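**Q** got a predicted structure plus its sequence, pasted below:
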Amino acid sequence: MSGRARVVVVGGGVAGLAAARALAARFEVVLLESQDRVGGKLVTAEFRGRPLDVGPDNFITRNDAAVRLCREIGLADELLAPATSRAAVYARGRPRPLPAGLVLGVPTDLRALRRSGVVGTAATLRTALDLVLPRSRATVALAGSLRGGDAGEAYGDPTVHEVLVPRIGRAAVAALVDPLLGGINAGDCSRLSLRASAPQLASAAAGARSVVRALRGRAPATPGPAGAATPAAPLFLGLRGGIESLATGLRRACEQAGVTVRTSCEVTGVELAPTGAGPSWTVRFGGGQVLADGLVLAVPATSAGRLLADAAPEIALECATISYSGVATVTLAWPEASVPRALARLLDPAPDAPGDHPALPGSGVLVPRATGGIVTAATFTSTKWPRSARPGEVVVRVSAGCDGDGRALELDDGELVDAVRAELAALLGITDAPLDRLVWRWPASFPQYESGHLARSARIAALAGALPGLALAGAAYDGIGIPACIAGGERAGASVGGRIGR
Ligand SMILES: Cc1cc2nc3c(=O)[nH]c(=O)nc-3n(C[C@H](O)[C@H](O)[C@H](O)COP(=O)(O)OP(=O)(O)OC[C@H]3O[C@@H](n4cnc5c(N)ncnc54)[C@H](O)[C@@H]3O)c2cc1C
């Protein structure tokens, strides 16, 4: 080994790349990635000659880790706001624009909720009851668990449903919270921990008598009309060439800083040396091994668990209890004329300039579980990202499947496209055969932050911190969004760097 301590980063997703970059100035860094490319879930494919994000297509800016990193690695000019942020939800027989004032699906403007027609009068009144009902047991438990930090486990870790159903009613939760918050996580809100999956919502709701009132003022400003300039900074940003340019930019920055990046290199085992002089870790991969003073495992928890089975069985056991859900994205293109004219009026009942708005107004339609289909959301990619569509065509990217519903991933490509087309015909009225299709499968790709997740994540970090130079990073632990994964990768790098110190 050279004079500098060596750190091996396993996993070249955004978390691993961020960790490697954070370590590069002080250490010899080797990044090992099993696929023939870096980026993990960050994939930009080509569809009809245009860049198309088949996984994530943007990131939130409220956590500034991704924007900051893009600026640091020279991608500032590549940042691109979606052309619209207005979305709709399929409710009571047709797509309807989301009411203003939602915070992750929780309505804070009850007049807007009533006007939207997303739920009926009785359900709106039930939501309004939140304003007068006494404090609920779950919000009190939530406050206790937040006060107690990791030790707050004693108060339980209420699920999204346990906190919100008693406050705003089952109908509003099913129509709005499940498709929004559940959709982001491909999860089941009756199992997801509110604290882990929606920390801002949890801190506002904790101990509050009225959740609706506590969240007022936290709702993003009502989006302006599609295409209109919005004075506030965009809540989400993508990248001009597609989200994968973040991964390629990061790889370039890592290599310029001296990181050795090896792709098509699957790590098959890690061994911890007996305490004493010399490197702590032996990292094995097909046909070789590398010794390391520090080790960042930036792989899904299932992989991390397998790799640590011998060296750290307690961590392996904790990792094995994190479950994953899978989805497929199915992208379809049609000529604009295939979209029924009536649909635009449903999606945008009051256009600024009639006749001059897109065939598919808004960023897309969320689909609640109650519809019984496999489609959970249809993104109007051609409207949200005009660069991804040819003029005169519409592109719709459908997400199918979620926790507890593996039907989409069981179908072959032809069956999946047929099922999605049949559902889109019912949801949007588009019945023509598409010009093109692209199926992308994401099995076991969304870690499920179920009740107890934060305590488990803290135990994993503590166990790793007790071993020489080890840290775990990535979507499995402290946030599944791209900014959270970047921040987690950087934290893992700092933790390992601080402990091996040379
Ligand atoms: C369909 C979809 C849509 C999404 N949409 C959004 C969105 O719009 N906005 C947003 O912020 N987030 C979104 N996400 C979530 C976000 O993309 C991910 O949580 C994040 O990219 C995960 O990064 P990661 O580095 O933790 O893991 P990954 O990207 O999974 O990277 C892990 C890497 O480790 C490698 N690996 C695994 N095992 C080994 C091994 N044994 N040896 C070597 N390498 C190994 C894998 O090949 C992979 O490259 C979406 C995710 C999906 C699937």
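**A** Structure received.

**Q** near the ligand, which residues of the stretch 401-502 of the chain?
**A** Near the ligand, the residues belonging to the stretch 401-502 of the chain are 442, 445, 474-475, 480-482, 485 when assessed by CB under 6 Å from any ligand atom. For every residue, glycine as well, the C-beta is placed using N, CA and C.

**Q** who in the stretch 51-200 of the chain is up against the ligand?
**A** Checking the stretch 51-200 of the chain against the ligand by CB under 6 Å from any ligand atom, the hits are 55-59.

**Q** pick the one among the residues you listed closest to the ligand.
**A** For the ligand, the closest of those turns out to be residue 56, at 3.0 Å, with distances computed as CB to the nearest ligand atom.

**Q** can you tell me which of the residues of the stretch 401-502 of the chain next to the ligand are in helices?
**A** By the criterion of DSSP state H, membership of those in helices covers 482, 485.

**Q** any idea which of the residues of the stretch 401-502 of the chain next to the ligand is closest to residue 25?
**A** Within these, distances to residue 25 taken as CB to CB reach their minimum at residue 485, with 20.8 Å.

**Q** for that closest one, give me its contacts.
**A** Contact partners of residue 485, counting by CB atoms under 8 Å, 6 or more residues apart in numbering, are 13-15, 18, 473-475, 479.

**Q** need the residues you listed in a markdown table (columns: distance to residue 374, pLDDT and neighbour count).
**A** Formatted as a markdown table, the contacts of residue 485 follow (distance: CB to CB, whole Å; pLDDT from 0 to 100; neighbours: other CB atoms under 10 Å):
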| residue | distance to residue 374 | pLDDT | neighbour count |
| --- | --- | --- | --- |
| 13 | 26 | 98 | 24 |
| 14 | 28 | 98 | 33 |
| 15 | 29 | 98 | 33 |
| 18 | 33 | 98 | 32 |
| 473 | 32 | 98 | 33 |
| 474 | 27 | 98 | 30 |
| 475 | 23 | 98 | 25 |
| 479 | 27 | 97 | 22 |
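
**Q** find the nearest non-adjacent residue to the residue in the stretch 401-502 of the chain positioned nearest to the ligand, please.
**A** For the stretch 401-502 of the chain, the residue closest to the ligand is residue 474, as judged by CB to the nearest ligand atom, at 2.9 Å. Distances taken as CB to CB, 6 or more residues apart in numbering place residue 15 nearest to residue 474, at 4.1 Å, with adjacent residues excluded.

**Q** tell me the contacts of that neighbour?
**A** Shown here is residue 15, whose contacts under the criterion CB under 8 Å, 6+ apart are 298, 473-475, 485-486, 488-489, 492.

**Q** which pair of these spans the longest distance?
**A** Farthest apart among the contacts of residue 15 - using CB to CB - are 475 and 492, which lie 12.6 Å from each other.

**Q** which stretches of the stretch 301-450 of the chain have low pLDDT?
**A** By pLDDT under 70, the low-scoring segments of the stretch 301-450 of the chain are 353-356.

**Q** all strands of it, in order?
**A** 324-335, 364-366, 375-380, 393-400, 436-447 (DSSP state E, counting those that start in this stretch).

**Q** residue 117: which of the contacts of residue 485 is nearest?
**A** Of all those, residue 479 has the smallest distance to residue 117: 33.7 Å, by CB to CB.

**Q** ranges for the strands of the stretch 151-300 of the chain?
**A** Taking DSSP E, counting those that start in this stretch as the test, the strands found in the stretch 151-300 of the chain are 236-239, 260-262, 267-272, 281-285, 288-292, 294-297.

**Q** strands paired with the first one, and their directions?
**A** Based on DSSP bridges, the pairing partners of strand 236-239 within the sheet are strand 59-60 (antiparallel), strand 79-80 (antiparallel).

**Q** so how far is the last one from its chain's centroid?
**A** Taking CA atoms, centre = their mean, to the nearest Å, one finds strand 79-80 lying 18 Å from the centre of the chain it belongs to.

**Q** which helix or strand lies directly C-terminal to it?
**A** If you walk from strand 79-80 toward the C-terminus, the next helix or strand you reach (DSSP states H and E) is strand 87-91.

**Q** mean confidence score for that next one?
**A** The average pLDDT within strand 87-91 is 98.

**Q** that strand versus strand 375-380: what angle between them?
**A** Here the directions of strand 87-91 and strand 375-380 differ by 140 degrees (axes from the mean of the first three to the mean of the last three CA atoms, to 10 degrees).

**Q** show me the chain divided up by domain.
**A** 6-41+245-322+449-500, 58-97+222-241+324-447, 101-215 (automatic domain parsing).

**Q** if I look at residue 113, how far off is residue 128?
**A** Distance, residue 113 to residue 128, using CB to CB, to the nearest Å: 9 Å.

**Q** more neighbours: which of these two?
**A** With other CB atoms under 10 Å as the criterion, residue 113 and residue 128 differ in neighbour count, and residue 113 comes out ahead with 26 against 18.

**Q** let me see the contact set for the more buried one.
**A** With contacts defined as CB under 8 Å, 6+ apart, residue 113 is in contact with 99, 101, 107, 119, 124, 127, 172.

**Q** let's see it at 7 Å
**A** When contacts are counted by CB atoms under 7 Å, 6 or more residues apart in numbering, residue 113 touches 99, 107, 119, 124, 127.

**Q** buried subset of those as a ChimeraX selection?
**A** Restricted to buried positions by 16 or more other CB atoms under 10 Å, the ChimeraX selection for the contacts of residue 113 reads:
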select :99,107,119,124,127
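
**Q** filter the contacts of residue 113 down to the ones in strands?
**A** Secondary structure assignment (DSSP state E) places residue 107 from those within strands.

**Q** and the contacts of residue 113 as JSON lines, adding distance to residue 347 and pLDDT?
**A** Output for the contacts of residue 113, formatted as JSON lines (distance: CB to CB, whole Å; pLDDT from 0 to 100):
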{"residue": "99", "distance to residue 347": "14", "pLDDT": "97"}
{"residue": "107", "distance to residue 347": "20", "pLDDT": "97"}
{"residue": "119", "distance to residue 347": "18", "pLDDT": "98"}
{"residue": "124", "distance to residue 347": "21", "pLDDT": "98"}
{"residue": "127", "distance to residue 347": "23", "pLDDT": "98"}
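
**Q** with respect to residue 255, which of the strands of the stretch 301-450 of the chain lies nearest?
**A** With respect to residue 255, and counting by CB to CB, the nearest of these is strand 436-447 at 26.7 Å.

**Q** list the contacts of that closest one.
**A** 41, 45, 47-48, 54-55, 185-187, 301-302, 322, 324-333, 409, 413, 416-417, 475-476, 480.

**Q** tell me which of the strands of the stretch 151-300 of the chain sits most buried.
**A** Highest mean neighbour count among the strands of the stretch 151-300 of the chain (mean count of other CB atoms under 10 Å): strand 294-297, with a mean of 31.

**Q** roughly how far out does that strand sit from the chain middle?
**A** Here the centre of strand 294-297 is set off from its chain's centre by 24 Å, with CA atoms, centre = their mean.

**Q** tell me the mean pLDDT over it?
**A** In this model, strand 294-297 has a mean pLDDT of 98.

**Q** so what are the sheet partners of it and their directions?
**A** Strand pairing (DSSP bridges) places strand 294-297 next to strand 6-10 (parallel), strand 470-472 (parallel).

**Q** would it count as contacting the ligand?
**A** No. Strand 294-297 is not in contact with the ligand by CB under 6 Å from any ligand atom; minimum separation 8.7 Å.

**Q** give me the contact list for that strand.
**A** Where contact means CB under 7 Å, 6+ apart, the residues beyond strand 294-297 that reach it are 5, 7-11, 16, 19, 270, 281, 283, 304, 307, 469-473, 492-493, 496, 500.

**Q** repeat that for 8 Å
**A** The set of residues external to strand 294-297 that reach it, using CB under 8 Å, 6+ apart, is 5-11, 16, 19-20, 23, 27, 270, 280-281, 283, 303-304, 307-308, 469-473, 489, 492-493, 496-497, 499-500.
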